[in-house]
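Trainee: Got a sequence here, can you build the structure:
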Amino acid sequence: MNSMANKESYYKTLGTTANIGNARIKEKYIEALRKHPPETDPEGFEKVREAYETLKDPEKRKQYDLMRKYGTNLEDLIEKAYEASISGNLKKAKKLLKRANKISPDDPHILMGLMTVAIEQEDYKEMDELFERIQHILPETETKELASIYAVKATFLMEKGLKDLALETLDEAKETFPEESSTFVSLIAKAYIEDGQTEKAWKIVNNAIPTTENETFEDIHFFILLSEMMVQLGKWKDQTKVQSRFRKFLGNLTDEQEKDIAYDQLYEIYEEFYDEGRYREAEFFIDFLRLLDKQDPELKEMKKDAKYLARIQKEIERLKIDEDIFPLIFLQAFEWFYEDIIPPQQLEMMINSLPADILAEMEEEIEMHAAGILRLRKKYPSIYKHYKEAWDEIFEELTEGLNRDMKRELRRLR
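Mentor: Got it, this is the predicted structure:
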């Protein structure tokens, strides 16, 4: 049974028809969002986002339209081929895609599927033949789609560890489609990062940032890429520069629909970092959200929360390498901070990375443990204050029965 028959058309979800031009899809998306806000209709909101993510991209939209046109047989073949490919049965995937190709011989997406199978099978001769065939099928005017074919080929080559071939493909694409260079910047940067050439990757992304006079809303992905790469490469010394340029770009936005789209994209990034417990990164992106929506008081609290947690996290990182702190103090602080972030089994493995006999010995060092809490209170105030009740309770248990002289000795040990 056709899976598409069981779900509402993406066009209907956005309140439009299949004849709509690409330029108006964003407008319909904003209208649909107003009817299905995430606060009151999360299910409807997700449907709208899913529809928009497919229809805003000409390549994804064409593939979606193809599925609607050819119906069950072609869709089932492609779906089964995808499942076979994921499970590692490349022979079956290729067979199914060839059957799909007979139904729709000039479908570039099916040919792309065959090309990726050829790459997985390391049949680079067939890869090149399919690549040329796709290029001949697509009209020269379809520069975005042609550029995306290069991007797909390069992506799979990188996944196979063939960085040189991937970069060669991307360099050719940049020369052939200079107006679509934005399609390749992130891939080129990724290839250089994987090759250990991080500075070259950083330079490429910085050079891709347009001048203020030439920028358009579509350039937002360059600014997001630069920000995410700054985080990935740990280039926090460039934070002010990156933040200032991105803020200027966002400040120049006047179209309310574009502001809404930018907000959605940046909020998604913030939320992902926050959920992963990467609070410094989350704080960085909240600043952009506050620029786009200065009236939302919740953003101010979110900023305050992320900044507070980032400060604790930074102290935990310092605590980890502090040779003067009693090791059990770090393990306790680490466990409490990450218990809602790291999966329980993984966290348990990390906490128990020290041999059991060593942990047992440390637990016997009552005076050192107590002195460690006193040292923590003085040197790592954020960690101490955040878990004050727990630290104080442990301290009381450790020092129960100690006389005044022994407690005085503890202060010396700290």
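
Trainee: From now on I want contacts and neighbour counts done on CA atoms only, so please keep to that.
Mentor: Will do.

Trainee: Now do the strand or helix carrying residue 201: which elements does it pack against?
Mentor: In the assignment (DSSP states H and E), residue 201 maps to helix 198-208. When contacts are defined as 3 or more CA pairs under 8 Å, 6 or more residues apart in numbering; DSSP states H and E, helix 198-208 packs onto helix 182-194, helix 220-232.

Trainee: residues of that helix that come out buried?
Mentor: Residues of helix 198-208 classed as buried by neighbour count (16 or more other CA atoms under 10 Å): 198, 201, 202, 204, 205, 208.

Trainee: gap between the third one and residue 247?
Mentor: Read it as residue 202. 19 Å (CA to CA, to the nearest Å).

Trainee: if you go through the stretch 201-350 of the chain in chain order, where are the helices?
Mentor: 220-232, 239-251, 256-275, 279-292, 297-320, 327-338, 344-351 (DSSP state H, counting those that start in this stretch).

Trainee: low-confidence ranges in the stretch 101-250 of the chain?
Mentor: For the stretch 101-250 of the chain, the stretches flagged by pLDDT under 70 are 140-141.

Trainee: change it to 80
Mentor: 103, 138-145, 179-183 (pLDDT under 80).

Trainee: How about the stretch 301-414 of the chain?
Mentor: 352-354, 401-414.

Trainee: quick check, nearest of the buried residues of helix 198-208 to residue 395?
Mentor: Using CA to CA, residue 198 comes nearest to residue 395 of those, at 46.4 Å.

Trainee: got the contact list for that closest one?
Mentor: 192, 233 (CA atoms under 8 Å, 6 or more residues apart in numbering).

Trainee: Then residue 366?
Mentor: 398, 399.

Trainee: Against residue 380, how distant is it?
Mentor: Using CA to CA, residue 366 is found at 20 Å from residue 380.

Trainee: swap in residue 127?
Mentor: 58 Å.

Trainee: follow-up on the earlier one: nearest to residue 191, out of the helices of the stretch 201-350 of the chain?
Mentor: Using CA to CA, the nearest of these to residue 191 is helix 220-232, at 12.9 Å.

Trainee: Which secondary structure elements does that closest one sit against?
Mentor: helix 198-208, helix 239-251.

Trainee: Against which helices or strands is the last one packed?
Mentor: The criterion is 3+ CA pairs under 8 Å, 6+ apart, and the helices and strands that helix 239-251 contacts are helix 220-232, helix 279-292.

Trainee: deepest of the ones you listed, which one?
Mentor: Highest mean neighbour count of those: helix 279-292, a mean of 21 (counted as mean count of other CA atoms under 10 Å).

Trainee: Let me see the mean pLDDT of that helix.
Mentor: For helix 279-292, the mean per-residue pLDDT is 95.

Trainee: what residues does that helix touch?
Mentor: By CA under 8 Å, 6+ apart, helix 279-292 touches 231, 247, 250-251, 259, 263, 266-267, 269-271, 273-274, 296, 299-300, 302-303, 306-307, 309-310, 313.

Trainee: got it, and stretch 91-105?
Mentor: Residues contacting stretch 91-105 (CA under 8 Å, 6+ apart): 74, 77-78, 80-85, 107, 110-111, 113-114, 117.
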